[in-house]
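>>> only geometry, no sequence info:
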């Protein structure tokens, strides 16, 4: 028995050592940039995003790490006003980033999951206006897809960026996006539309950085909850529809049992519209080959 214990303990030390060797310090930068979101009907509304470089994209940055990695992150404020950077539930900088200034954030991520970074200035004003992105922490090498879901009541974007105020509980959004896009433009983003083969293990990372409740519905397949920021006790549940509260995240695992092409969409049909036109909202496709 003692010999078995020694073998087990030595094996544990070897595996632990190999794991430590794989852990890295990942250096990255985020740039806070204000510009505009081009909506599905061709209009534009004021919008901010976190970008991986100093060029504006209406798709917020996604930072990918492995379990055990340390993130060395510089956050640069290119805007003309002060912003605050937080990682929800993990890092609260408690420091304002003045216009033209930067801060450095260091943190080691030891638990797989999906974490939100966002601007806490006058919350929820600037997260609503776009400043909320995702940190993906993996413990696998499977195919992965990334959704940052959001919605807007377009006139509010102008109101808030010009110093006005809104009544948050009187919210009637008219545009709904995944990664800054609405259908049919969603089809052009390979990080959204799920592809694979029968028997593959597929992970879908979904963030809700909007103010409304999400209800993501899968046709054709059930998915298993692998991570839930709000309800950790839901891990292991398998179903086809997943509610996600505002500023919360889930990680879903799909192992397709058959080939086919099936829609994935918001179960609230208003969220599948854009400017009241269907299906110009949160609507994507799963395409599984034999």
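Cool, the structure landed. Everything numeric here is computed off the predicted structure, so don't read it as measured data.

>>> For the protein, give the strand that spans the most residues.
strand 25-38 (DSSP state E).

>>> Do you know the pLDDT at the residue nearest to residue 215 when sequence neighbours are not counted?
Distances taken as Cβ to Cβ, 6 or more residues apart in numbering put residue 267 closest to residue 215, at 3.9 Å, once the chain neighbours are dropped. Using the backbone N, CA and C atoms, a C-beta is placed for each residue, glycine as well. You'll see residue 267 listed with a pLDDT of 96.

>>> Next: the one 5 residues further on.
Looking at residue 272, its pLDDT stands at 98.

>>> for the one 4 residues further on, same thing?
As predicted, residue 276 sits at a pLDDT of 96.

>>> Give me the nearest residue to it, chain neighbours excluded.
residue 174 (6.9 Å).

>>> and the one you found, how many neighbours does it have?
19 (other Cβ atoms under 10 Å).

>>> wait, doesn't it sit right on residue 280?
No - between residue 174 and residue 280 there is no contact under Cβ atoms under 8 Å: 10.3 Å.

>>> Now do the shared contacts for these two.
Common neighbours of residue 174 and residue 280 are listed as residue 274 (criterion: Cβ atoms under 8 Å, 6 or more residues apart in numbering).

>>> ok so residue 270 is a helix residue?
Yes - assessed with DSSP: H, G, I helix; E, B strand; the rest coil, residue 270 lies in a helix.

>>> what's the helix or strand for the closest residue in space to residue 212 that isn't next to it in sequence?
Distance criterion Cβ to Cβ, 6+ apart; nearest residue to residue 212, sequence neighbours excluded, is residue 151 at 5.4 Å. Residue 151 is part of strand 143-152 when elements are defined by DSSP states H and E.

>>> Next secondary structure after that strand?
Sequence-wise, the next helix or strand downstream of strand 143-152 (DSSP H and E) is helix 154-161.

>>> now for that next one, which elements pack on it?
strand 44-51, helix 125-128 (3 or more Cβ pairs under 8 Å, 6 or more residues apart in numbering; DSSP states H and E).

>>> Buried deepest among the ones you listed, which one?
helix 125-128 (a mean of 23; mean count of other Cβ atoms under 10 Å).

>>> next SSE after it?
Per DSSP H and E, the first helix or strand lying C-terminal to helix 125-128 is strand 132-138.

>>> Can you give the contact residues for that next one?
By Cβ under 8 Å, 6+ apart, strand 132-138 touches 30, 49-50, 60-67, 69, 71, 87, 109, 111-119, 144, 146, 148, 150, 203, 205, 207, 209, 247, 249.

>>> So in that sheet, which strands flank it, and in what orientation?
Using DSSP bridges, strand 132-138 pairs in its sheet with strand 62-66 (parallel), strand 113-119 (antiparallel).

>>> For the closest residue to residue 285 other than its chain neighbours, which residues are in contact?
Spatially, and ignoring its direct neighbours in sequence, residue 285 is nearest to residue 193 (5.4 Å; Cβ to Cβ, 6+ apart). By Cβ under 8 Å, 6+ apart, the contact set of residue 193 is 145, 186, 187, 284, 285, 286, 287.

>>> Check which helix or strand the last one maps to.
Just to be clear, that refers to residue 287. Per DSSP H and E, residue 287 falls inside strand 283-289.

>>> Residues contacting that strand, please?
With contact meaning Cβ under 8 Å, 6+ apart, strand 283-289 is reached by 178, 183, 186-187, 192-198, 200, 218-221, 254, 256, 258-266, 272.

>>> relative orientation of the strand holding residue 151 and strand 283-289 in degrees?
Orientation check (axes from the mean of the first three to the mean of the last three Cα atoms, to 10 degrees): strand 143-152 against strand 283-289 gives 170 degrees.

>>> Residue 37 contacts residue 59, correct?
No - with contact defined as Cβ under 8 Å, residue 37 does not count as touching residue 59 (10.1 Å).

>>> hang on, the earlier thing: now, the contacts of strand 283-289 that are in strands?
Using DSSP E, 178, 194-197, 218, 254, 260-266 are the members of these that sit in strands.

>>> For the residues you listed, give me TSV that also has neighbour count.
Converted to TSV, the ones in strands among the contacts of strand 283-289 look like this (neighbours: other Cβ atoms under 10 Å):
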residue	neighbour count
178	28
194	25
195	15
196	19
197	12
218	20
254	25
260	15
261	12
262	16
263	15
264	25
265	20
266	23
